[in-house]
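[1] coordinates for the following, if possible.
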Amino acid sequence: MKNIVIIGGGIAGVETACTLAESGNRVTIIERTGDIGGKLNRWYCLFPDFKKADEIKKYLKERIAKFDIELKLNSEVDKAERNGNQWYVYTGNVRYTADAVVIATGYELFDATRKEELGYKIYDNVITQGDLEDKFRAGDFKTTLGENPKRVAIVHCVGSRDEKCHNLYCSKVCCVTGVKQAIELSKFLPETQIFCYYMDLRMYDKHFEELYRTAQEHHNIQFIRGRVSEVSQTPDHRLAIKTEDTLSGRPMKMKLDMLVLLAGMDTKKHNKKVSELFDVEREESGFLKSKDFHIGAGILSQKGVFAAGCCISPMSIKETIENARSSAVQINQYLKTL
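    Below is the predicted model:
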């Protein structure tokens, strides 16, 4: 029986832990918050089928309950030392001896305050997709004026594919998240006008393109190709945006009641500390650097240290679970060599 420490109790961490425990390994999860699930705890419904996020959370809870996995909540790794083929991992006054370590630290939403021109934390009723998910959970969409919004715009690619923010990568799931949220808003607020401003729509997976068509044909969501260049607040405390319809080449102005920013995935804060603790390489983007892009996504530059989930690259929930299982296979192959 081998000992494995997993850093992070989100989707990737839990799925990797359970897959490794199925193989007879002794697994410990170190999670910095008070619950498992990571960002799943904030989401209301999931694309493309509008499955409740709580159903995936229930799956994780039931799955982890089947195994004797030590779950150490409200804890962070303070120190790590190599000891031959093993690692000493410290959290508080506890030291764990690990034959393998799995980094599954996930991601944070891009800090939208860095895009000052979009008005997040400057003007009322400028929110991120995470804030909107909170509203879905609460069933309350009232603006600071105490009314349901009559016109909402959703802005894609905030902090992704953006050279000024040093984030050249695509966060992959923002486009379909915007489509999903637009449809959800139209169901909650059928009288509300909803606009999506996008650079390019990347509907890469099965059912995503159908979801996009459904948004237009059945929910009257209007998609406008163009970047929002400026947001301001009107005297009556509404929002005014300036943009351009790049398909027609015309500048546009629009008044809104709510602006939703689709902030991309950012891992710099999460990955910096843990990469330094275990002396593993990171890419310029902040994601952990895989040993081989094609055949070793979960294998890192330090022997015995692996990764799973969105700390490697942007992934959907489906892809995260698949990647976690794949990483578990790679770890089991490694453990056989010890």
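
[2] can you show me the helices along the stretch 151-300 of the chain?
    Counting by DSSP state H, counting those that start in this stretch, the stretch 151-300 of the chain has helices at residues 174-188, 208-219, 268-278.

[3] what's the most buried one of these?
    Most buried of the helices of the stretch 151-300 of the chain by mean neighbour count (mean count of other CB atoms under 10 Å) is helix 174-188; its value is a mean of 22. To be clear about C-beta, it is placed using only N, CA and C from the backbone, and glycine gets the same treatment.

[4] hmm, who's touching that one?
    44-48, 50, 129, 132-133, 136, 139, 141, 152, 154, 156-158, 160, 192, 194, 196, 198, 201-203, 205, 208, 211-212, 214-215, 219-221, 260, 262-264 (CB atoms under 8 Å, 6 or more residues apart in numbering).

[5] got the helices of the stretch 151-300 of the chain as JSON lines, with distance to Tyr88 and mean pLDDT columns?
    Listed next are the helices of the stretch 151-300 of the chain as JSON lines, based on distance: least, CB to CB, whole Å; pLDDT from 0 to 100:
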{"stretch": "helix 174-188", "distance to Tyr88": "39", "mean pLDDT": "98"}
{"stretch": "helix 208-219", "distance to Tyr88": "44", "mean pLDDT": "97"}
{"stretch": "helix 268-278", "distance to Tyr88": "11", "mean pLDDT": "88"}
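
[6] how about those helices in CSV, adding distance to Gly226?
    Below are these laid out as CSV (distance: least, CB to CB, whole Å):
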stretch, distance to Gly226
helix 174-188, 14
helix 208-219, 17
helix 268-278, 28
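
[7] closest one to Gly34 among those?
    helix 268-278 (17.4 Å; CB to CB).

[8] hang on, the earlier thing: Lys2 is nearest to which of the helices of the stretch 151-300 of the chain?
    Short answer: helix 268-278, nearest of the helices of the stretch 151-300 of the chain by CB to CB, at 17.7 Å.

[9] mind giving me the domain split of this protein?
    3-107+267-335, 110-264 (automatic domain parsing).

[10] which SS class is Thr33?
    coil (DSSP: H, G, I helix; E, B strand; the rest coil).

[11] give me the number of residues near it?
    15 (other CB atoms under 10 Å).

[12] which element follows the lowest-mean-pLDDT helix or strand in the chain toward the C-terminus?
    Evaluated with mean pLDDT, DSSP states H and E, the helix-and-strand set of the chain has its lowest mean pLDDT in helix 268-278, which scores a mean of 88. Moving toward the C-terminus from helix 268-278, the next helix or strand (DSSP states H and E) is strand 305-307.
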